[in-house]
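Chemist: Sequence and predicted structure are below.
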Amino acid sequence: MKTSKRWLPLTFKIALLTLLLLWTLIPITWMVLSSFKPNDIITAGTPRVFFTPTLEHYTSLFSSGNSLWPYLLNSLFIAGVSTLIAVVLGCMAGFGLSRIRIKGKQHLAFWIISTRMAPIAAVIVPLYLLFRYLYLLDTHAGLIVAYLSFNLPFAIWLMTAFFDDLPLDLEEAAMIDGATKLQAFRYVVLPLMTPGLVTTAILCFIFAWNDYAFAQTFSGPSTQTIPIAAAQLLTQTGIDWGKLLAIGTIVVCPMAIAGLLVKRWLVQGLTLGAVK
């Protein structure tokens, strides 16, 4: 009886994890496979698993008059720069919030993350009016600032939690050995914060990479990103499913591959502070 009772929770966990895994992987796998199918098979009434793969959708995306290259380069540049700025400033601000001793520090930290909780609809109009006044519409700088409006508070909040879990004794020991506060931060704290920095960078990049609302509002012909390119395939005359599935694959796969490459740091960063 005891053995059966032990097996029941384990069996339930395995079944739940399998269900979640299938729920996540099946749509992505089907999207990737369908991006290599000819249009007649994609729109066929009966789904087909076995087919002759083709690259016509990808070739059409990058070789047609409205090539995907400008959208892809815009997404990489804007998401990359906004992520870099958010991580650098978030690291410094998070370290300061973690180590400073002031009254009401918790309220300040909550106020910072509360700006991230604001719905996009509440900030789009004020940002649009501000960007129009500063001539930031249809510019890379405008989209970078827009993405920082939700990435920077998130980075500060996340890095503050990571620094809170790092023992202060390590910095004090380095300073006793003659290091300055800056040297202790650079040579002791930052190397130990690699998992937290990687985690924050990946999450901020994903948020900026997948954004549609800000890109649709603040971008123009020269600064449109990949989500805008995908939306342009939905027209009144129909949906180009082949190209749409190919763009979906291009959007999803790089992020998945990047997550797998830094899996070790990502797991460590997400579990920092979980065990005391």
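Modeler: Thanks, I have it.
Chemist: Let me see the ranges of the strands in the chain.
Modeler: For the chain, applying DSSP state E gives strands covering 234-235, 238-239.
Chemist: right, and these - which one's nearest A246?
Modeler: strand 238-239 (12.9 Å; Cβ to Cβ). (Glycine included, C-beta is placed from N, CA and C.)
Chemist: what pairs with that closest one, and is each one parallel or antiparallel?
Modeler: strand 234-235 (antiparallel) (DSSP bridges).
Chemist: Next one: I28 from L22, what distance?
Modeler: 11 Å (Cβ to Cβ, to the nearest Å).
Chemist: quick one: which of these two has more around it?
Modeler: I28 (14 against 11; other Cβ atoms under 10 Å).
Chemist: In space, what's closest to that one - neighbours in sequence excluded?
Modeler: Among residues not flanking I28 along the chain, V252 sits closest, at 6.2 Å (Cβ to Cβ, 6 or more residues apart in numbering).
Chemist: hang on, the earlier thing: turn the strands of the chain into CSV, including mean neighbour count.
Modeler: What follows is those, written out as CSV (neighbours: other Cβ atoms under 10 Å):
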stretch, mean neighbour count
strand 234-235, 10
strand 238-239, 10
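Chemist: Ok, which of those comes nearest M117?
Modeler: strand 234-235 (29.8 Å).
Chemist: and of the strands of the chain, who's closest to R132?
Modeler: Using Cβ to Cβ, these put strand 234-235 closest to R132, at 27.2 Å.
Chemist: Now do the closest one: everything it contacts.
Modeler: L244 (Cβ atoms under 8 Å, 6 or more residues apart in numbering).
Chemist: T115 and I156 touch, don't they?
Modeler: No: contact criterion Cβ atoms under 8 Å: T115 and I156 do not qualify, at 9.8 Å.
Chemist: More neighbours: those two, which one.
Modeler: Set side by side, T115 and I156 show more neighbours around I156, with 26 against 15, by other Cβ under 10 Å.
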